[in-house]
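Peer 1: I would like to see how this sequence folds:
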Amino acid sequence: MFSYDIKNLETNLASNFAVSRKIDIDENLTCFIVIDSNNTKIVTPLLNRIVDFILDNVDYKDTYNKFSVTLESINFFIKTLKTKENNLEELNIIIGILEKNNFHFAKIGKASCFLVNQKEEVLEISDKNAKIDTFDFISSGKLANNDKVILSSTNL
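Peer 2: Numbers count the residues shown, from 1 in each chain. Okay, the predicted model is just below:
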């Protein structure tokens, strides 16, 4: 069985604005998005555009490859947002697609993905040292019963 919960943790350590969204694309196909940035003007429009790209392109047939093409479109859109006025140095995004028990995710910035396995071990499954400014890689794997995935806009 699959369950879902969003927790937005308030902190006074930074001035970033964070949003998260869950999108049911189809039966057994769900998308999760977490975004934060110090540029509060771009977070909501960026989230809305990412949701549009996901809904227009990702479906149950060949999910991995369609997710890859969608990430290329998102990369292009982010590139168009970058101007002197829109400094996107503190942009952290993680997008995950749950396809039955297959989980695919990609990240930008300091975003992280953690797996809490059946033994209750917490494993970081994203590269914590990579500071990526475009979606370059998709990580994928199968989730077992009772596995938990934690998506975070920063490294925990």
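Peer 1: where's the least confident helix or strand in the chain by mean pLDDT relative to the chain centroid, distance-wise?
Peer 2: Confidence across the helices and strands of the chain bottoms out at strand 122-124, with a mean of 87, counting by mean pLDDT, DSSP states H and E. Taking C-alpha atoms, centre = their mean, to the nearest Å, the mean C-alpha location of strand 122-124 is offset from the chain mean by 17 Å.
Peer 1: swap in stretch 66-84?
Peer 2: Averaging C-alpha coordinates over stretch 66-84 and over its chain gives two centres that are 13 Å apart (C-alpha atoms, centre = their mean).
Peer 1: In PDB, list the C-alpha atoms belonging to it.
Peer 2: Taking only C-alpha atoms (Å, rounded to 0.1, in the frame of the first residue of the first chain), the coordinates of stretch 66-84 have been written out as PDB:
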ATOM      1  CA  LYS A  66       9.200  10.500 -21.200                       C
ATOM      2  CA  PHE A  67      10.400  11.700 -17.800                       C
ATOM      3  CA  SER A  68      13.900  12.300 -19.400                       C
ATOM      4  CA  VAL A  69      12.400  14.400 -22.200                       C
ATOM      5  CA  THR A  70      10.300  16.300 -19.700                       C
ATOM      6  CA  LEU A  71      13.400  17.200 -17.700                       C
ATOM      7  CA  GLU A  72      15.100  18.500 -20.900                       C
ATOM      8  CA  SER A  73      12.100  20.900 -21.300                       C
ATOM      9  CA  ILE A  74      12.300  21.900 -17.700                       C
ATOM     10  CA  ASN A  75      16.000  22.600 -18.100                       C
ATOM     11  CA  PHE A  76      15.300  24.900 -21.100                       C
ATOM     12  CA  PHE A  77      12.600  26.700 -19.200                       C
ATOM     13  CA  ILE A  78      15.000  27.300 -16.200                       C
ATOM     14  CA  LYS A  79      17.700  28.500 -18.500                       C
ATOM     15  CA  THR A  80      15.200  31.200 -19.900                       C
ATOM     16  CA  LEU A  81      14.500  32.300 -16.300                       C
ATOM     17  CA  LYS A  82      18.100  33.000 -15.500                       C
ATOM     18  CA  THR A  83      18.800  36.700 -15.900                       C
ATOM     19  CA  LYS A  84      20.700  39.300 -13.900                       C
END
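Peer 1: What about residue 39, how many residues nearby?
Peer 2: For residue 39, the neighbour count with other C-beta atoms under 10 Å is 17. For glycine as for every other residue, the C-beta is placed from the backbone atoms N, C-alpha and C.
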